[in-house]
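1. this one's structure only:
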């Protein structure tokens, strides 16, 4: 990769790095990744996530390992509605197969040879009785025997390990309060863990590139409300169907983002998480946010957003009439049809400057980088107009601008027309930033 491309890519990933620090990601991969050795590449990516301060919970499958072990012992199992009927005899074999698969994953995460991406990673991996199970029982006349379902996730215990910078590894086996072991689908374990932990992201590795449309093209973004329509299609694969059902269940219980990515692409996890366009299919609970220039129809939403800040004296009071006249100066951030952020930008072309004003974000969506995104939008707007500098006036949020490399200036540095509008009663401080 050319040096300039590397620098550009690394810089573009920095907002995601900052945003993800301290968040919890639950990542599910099947036994195929263990069987074909691709777990080693995944382990490198997991080590990087851990080094960036992301809490990682891994959920591994073991389907191929279980099938192979059953064959060696001359045992057969039946699947009904996608679930394996696990006899007591099969459960004995399954325990050994799952345990072996878990050890392979732990070994991959423990690699530390010099010159490898794992060198000096020092990953600490912990597994245990974090999944409390109960029997699936008899459904539609079918006795699933030792096949179970998640009763509860020991989320407090998992969170203690994550706080200690440890990676938590979950297997597709749960234990009941009576000490009985049950076979549970790994995907179900991943969904339950993501919900219980309030995970920011749930990631599924799959054999396909993601969810495909009717023409075989990759769908990069979906909302959970679109899932039922996709499930009605006849040409959707069984693998994709299961992932969509899991994504819908997770989103319905509070997981905001579910990612479906190909297990056949090296570095798929990093490309999905740290690039703007991603690699697979992103499924979100809500419609995606976007920013755009405002129209007069947005004025009620802007008013509702800025009124509390005006009442606290953080923003200058603006009448509805003034906002309607200046609507084309505003940029809004919209989420599912609701305005959750705004800013105004006023150009002074003769001086090569622009003022950014009325920067506001809904209190429920703060401290997640939205203010920076609004500011960046305004900066790009100014650059497109060949302006070289932006300035802001502030009374109560001066630290926010100083932390973002603004320089404190003086009233005399403002464009003369803006000096004439300066409110000496507010005594706002002035900050500048070179574009």
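-> Received the coordinates, thanks. Since we're looking at a predicted model, the values are computed, not measured. Numbering: from 1, shown residues only.
2. Can you tell me how far the most far-flung residue of the chain relative to its centre is from residue 414?
-> Largest separation from the mean C-alpha position in the chain: residue 420, at 46.2 Å (Cα atoms, centre = their mean). Relative to residue 414, residue 420 is positioned 9 Å away (criterion: Cβ to Cβ, to the nearest Å). C-beta: built from backbone N, CA, C; applies to glycine.
3. And the lowest mean pLDDT element among the helices and strands of the chain?
-> Within the chain, no helix or strand scores below helix 3-20, which has a mean of 78 by mean pLDDT, DSSP states H and E.
4. Please spell out the segments of this structure that come in under the pLDDT threshold.
-> Of all residues in the chain, those with pLDDT under 70 make up the ranges 1-4, 112-121, 276-277, 286-289, 336-337.
5. same thing but 80
-> By pLDDT under 80, the low-scoring segments of the chain are 1-12, 15, 111-122, 234, 276-277, 286-289, 335-337.
6. What helices and strands are in contact with the lengthiest helix in it?
-> The residue-count maximum for a helix in the chain (DSSP state H) belongs to helix 88-110. Contacts defined by 3 or more Cβ pairs under 8 Å, 6 or more residues apart in numbering; DSSP states H and E place helix 88-110 against helix 31-35, helix 39-51, strand 55-60, helix 63-72, strand 125-126, strand 167-170, strand 173-175, strand 181-183.
7. mind putting the ones you listed in a markdown table, mean neighbour count and distance to residue 219 included?
-> Written out in a markdown table, the entries for the helices and strands packed on helix 88-110 read as follows (neighbours: other Cβ atoms under 10 Å; distance: least, Cβ to Cβ, whole Å):
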| stretch | mean neighbour count | distance to residue 219 |
| --- | --- | --- |
| helix 31-35 | 21 | 23 |
| helix 39-51 | 20 | 23 |
| strand 55-60 | 26 | 24 |
| helix 63-72 | 17 | 26 |
| strand 125-126 | 18 | 34 |
| strand 167-170 | 23 | 28 |
| strand 173-175 | 22 | 33 |
| strand 181-183 | 24 | 32 |
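8. Let me have the ones you listed in TSV, extended by distance to residue 296.
-> Rendered in TSV, the data for the helices and strands packed on helix 88-110 read as follows (distance: least, Cβ to Cβ, whole Å):
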stretch	distance to residue 296
helix 31-35	53
helix 39-51	45
strand 55-60	45
helix 63-72	57
strand 125-126	57
strand 167-170	51
strand 173-175	57
strand 181-183	60
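9. closest one to residue 258 among those?
-> Closest to residue 258 of the helices and strands packed on helix 88-110, according to Cβ to Cβ: strand 55-60, at 13.5 Å.
10. Residue 153 and residue 131 touch, don't they?
-> Yes. Between residue 153 and residue 131 there is a contact under Cβ atoms under 8 Å: 6.3 Å.
11. Those two - which one has more neighbours?
-> Counted by other Cβ atoms under 10 Å, residue 153 and residue 131 do not tie: residue 131 has more neighbours, with 26 against 21.
12. circling back to that earlier point, overlap of the contact sets of residue 153 and residue 131?
-> For the pair residue 153 and residue 131, residues contacting each of them under the criterion Cβ atoms under 8 Å, 6 or more residues apart in numbering are 192, 193.
13. Need phi/psi at residue 432.
-> Main-chain dihedrals, residue 432, degrees, to the nearest 10: phi -130, psi 150.
14. partner residues bridging it?
-> Beta bridges link residue 432 to residue 391, residue 407, judged by DSSP bridges.
15. Run through the residues that contact residue 374.
-> Taking Cβ under 8 Å, 6+ apart as the contact definition, residue 374 lies against 291, 331, 333, 341, 342, 343, 359, 361.
16. Likewise for residue 327?
-> With contact taken as Cβ under 8 Å, 6+ apart, residue 327 is in contact with 294, 295, 296, 298, 299.
17. Mind doing that once more with 10 Å?
-> Remark: with contacts taken as Cβ atoms under 10 Å, 6 or more residues apart in numbering, residue 327 is in contact with 293, 294, 295, 296, 297, 298, 299, 302, 344.
18. One more: residue 381?
-> Applying Cβ under 10 Å, 6+ apart, one finds that residue 381 lies in contact with 293, 329, 331, 343, 345, 347, 354, 356, 387, 390.
19. of those, buried ones?
-> Neighbour-count burial within the contacts of residue 381 applies to 329, 331, 343, 345, 347, 354, 356, 387, 390; the criterion is 16 or more other Cβ atoms under 10 Å.
20. For the third one, what are phi and psi?
-> Spelled out, that is residue 343. phi -160, psi 160.
21. For it, which residues are in contact?
-> Taking Cβ under 10 Å, 6+ apart as the test, what residue 343 contacts is 291, 294, 329-333, 356-361, 371, 373-375, 377-378, 381, 392.
22. Take those residues and keep only those in helices.
-> Checked against DSSP H, those include these in helices: 371, 373, 374, 375, 377, 378, 381.
23. now, which of those sits nearest residue 39?
-> Looking at these and their distance to residue 39, the nearest is residue 373, at 35.6 Å (Cβ to Cβ).
24. Test my guess that that closest one contacts residue 335.
-> No. When contacts are counted by Cβ atoms under 10 Å, residue 373 is not listed as touching residue 335 (11.9 Å).
25. mind checking how far residue 256 is from residue 128?
-> With distances defined as Cβ to Cβ, the gap from residue 256 to residue 128 amounts to 27 Å.
26. no no, residue 27
-> Residue 27 sits 18 Å away from residue 128, going by Cβ to Cβ.
27. contacting residues around the residue nearest to residue 207 when sequence neighbours are not counted?
-> Nearest in space to residue 207, with sequence neighbours left out and distances taken as Cβ to Cβ, 6 or more residues apart in numbering, is residue 239 at 5.8 Å. Taking Cβ under 10 Å, 6+ apart as the criterion, residue 239 is in contact with 30, 204, 206, 207, 208, 260.
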